[in-house]
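A.B. asks: sequence unknown, structure follows:
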């Protein structure tokens, strides 16, 4: 009876051992899945962050370039304005009336 | 109306001639208002000074010689100016020439005037200017009997000077009424304005150019308003001393002065009196330079006493190219 019990216990133990391994494997698997998901989410976040930074950089880069071009153009115009420009004046005449 | 460079340029007919307006530095939304102001003033001038409009104030005054008549400030000031001018020129300019102009046949607008007319009655000297009585206290005048006023030329000069006073805050401009013109300010990139002087024998070209800063130019001559009276060629510039069309060796005379009114008066006086007349000494302080064009095309330059920035040269030879 005792033996049976022992056996049962063993069996139970074995069975317990088998469940533990399975649970551990499941836990490990779940951990890996979670880690993989976190890693994937982190990767996406990094990708989004990099994309956002790249986008803003590009936008502000273009704006900066545009600003620089505008400044240069204004400078050219101002420089040109400083130069005396002859306007075309209609012929002015005095005559008898 | 057009913009030339940064300038507004417009022309419109008025006072039996053309008004020309040139304004620099005027904003687009101000252009139409400027043109409207010039046209409005020209219409006021015609209502006041036209001797061909029987309802004008001048016509109503001329209809009542020998009677004291209260005048608008505008007409009173013009008559006052004309009397001063007549005194300054020793009578070579005299606004009381109307009866003699009518005897010459100039009794309607020149466009409607027959170019061949029968000989008229003999001319007599124009009444002296001091026969005209002005009362500043009542702003009234009394024309001598059988007299009448013609303010055609001096009225155009006054119009130009009045309009310049309105527009003078613009950086530069030019206003002309029938060739009496006035300039102010400097154009961008140009030190001087260039004013062409029409060659009377060939109005399509200039005989000389005046390079100048601020100032006024007027020309007197007979080429544009001449007709025949019997066998005699006559024109619209009456010599007050004879009451007849002025006999002169000049085709025209152009005068540079500080105002259009003064330039017009001096040009008329020198055309009538000649460039060596006795009044020249008293006229000199009023003008900077005069250019008399003889019938043979030669040009005589008469230096005045007024200091203005003026240079004379052949057409196309100015420094600004």
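C.D. replies: On my side now, so go ahead. The structure presented is a predicted model; accordingly, all values stated were derived computationally and were not measured.
A.B. asks: any stretches of chain B with poor pLDDT?
C.D. replies: For chain B, the stretches with pLDDT under 70 are B:1-5, B:318-321.
A.B. asks: mind naming the longest strand for it?
C.D. replies: Longest among the strand segments of chain B by residue count, using DSSP state E, is strand B:202-212.
A.B. asks: okay, now the sheet partners of that one, with direction.
C.D. replies: Within its sheet, and counting by DSSP bridges, strand B:202-212 is paired with strand B:193-199 (antiparallel), strand B:310-313 (antiparallel).
A.B. asks: could you list the residues in contact with the last one?
C.D. replies: The list of residues contacting strand B:310-313 from outside it, by CB atoms under 8 Å, 6 or more residues apart in numbering or on different chains, reads B:192, B:208-213, B:215, B:256, B:288-289, B:291, B:301, B:318. For every residue, glycine as well, the C-beta is placed using N, CA and C.
A.B. asks: now with 10 Å, please.
C.D. replies: Strand B:310-313 is contacted from outside by B:192, B:194-195, B:197, B:208-213, B:215, B:217, B:254, B:256, B:288-289, B:291, B:299, B:301, B:304, B:318-319, using CB atoms under 10 Å, 6 or more residues apart in numbering or on different chains.
A.B. asks: if we can go back for a sec, immediately after the longest strand of chain B, which helix or strand?
C.D. replies: For strand B:202-212, the succeeding helix or strand toward the C-terminus, using DSSP states H and E, is strand B:215-221.
A.B. asks: and that following strand, what does it pack against?
C.D. replies: Packed against strand B:215-221 by the contact rule (3 or more CB pairs under 10 Å, 6 or more residues apart in numbering or on different chains; DSSP states H and E) you find strand A:92-94, helix B:152-167, strand B:172-177, strand B:180-184, strand B:193-199, strand B:250-257, helix B:260-273, strand B:287-294.
A.B. asks: tell me which element the nearest residue to residue B:174 once chain neighbours are set aside falls in.
C.D. replies: Nearest residue to residue B:174, sequence neighbours excluded (CB to CB, 6 or more residues apart in numbering or on different chains): residue B:22, at 4.2 Å. When elements are assigned from DSSP H and E, residue B:22 belongs to strand B:17-24.
A.B. asks: again with residue A:41
C.D. replies: Using DSSP H and E, residue A:41 falls in helix A:2-82.
A.B. asks: on that earlier part again, can I get the helices and strands packed on strand B:215-221 in CSV including mean neighbour count?
C.D. replies: As requested, the helices and strands packed on strand B:215-221 are exported to CSV (neighbours: other CB atoms under 10 Å in any protein chain shown):
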stretch, mean neighbour count
strand A:92-94, 21
helix B:152-167, 23
strand B:172-177, 26
strand B:180-184, 26
strand B:193-199, 22
strand B:250-257, 26
helix B:260-273, 28
strand B:287-294, 22
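A.B. asks: dump these to CSV, plus distance to residue A:43.
C.D. replies: What follows is the helices and strands packed on strand B:215-221, written out as CSV (distance: least, CB to CB, whole Å):
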stretch, distance to residue A:43
strand A:92-94, 78
helix B:152-167, 74
strand B:172-177, 71
strand B:180-184, 76
strand B:193-199, 77
strand B:250-257, 88
helix B:260-273, 86
strand B:287-294, 89
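A.B. asks: if we can go back for a sec, count the residues that sit near the residue nearest to residue B:174.
C.D. replies: By other CB atoms under 10 Å in any protein chain shown, 25 other residues sit near residue B:22.
A.B. asks: in a helix, that's where residue B:306 is, yeah?
C.D. replies: No. Applying DSSP: H, G, I helix; E, B strand; the rest coil, one finds residue B:306 to be coil, outside a helix.
A.B. asks: I figured it hits residue B:215, correct?
C.D. replies: Yes. In this structure residue B:306 lies within contact range of residue B:215 using CB atoms under 10 Å: 8.6 Å.
A.B. asks: these two - which one has more neighbours?
C.D. replies: A side-by-side neighbour count of residue B:306 and residue B:215, using other CB under 10 Å, places residue B:215 first with 25 against 18.
A.B. asks: give the rounded mean pLDDT of stretch A:35-54.
C.D. replies: On average, the pLDDT along stretch A:35-54 is 78.
A.B. asks: so which bits of the stretch 201-321 of chain B are right by chain A?
C.D. replies: Near chain A, the residues belonging to the stretch 201-321 of chain B are B:203, B:206, B:209-210, B:216-226, B:235-237, B:251-256, B:263-264, B:267, B:271, B:291, B:320-321 when assessed by CB under 10 Å from any CB of the partner chain.
A.B. asks: one more pass at 8 Å, please.
C.D. replies: The stretch 201-321 of chain B has residues B:203, B:206, B:210, B:217-225, B:252, B:254, B:320 near chain A, with proximity defined as CB under 8 Å from any CB of the partner chain.
A.B. asks: which of the residues you listed are buried? Put it as a ChimeraX command.
C.D. replies: Here is the ChimeraX command that selects only those of these that count as buried (16 or more other CB atoms under 10 Å in any protein chain shown):
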select /B:206,210,217,218,219,220,221,222,223,224,225,252,254
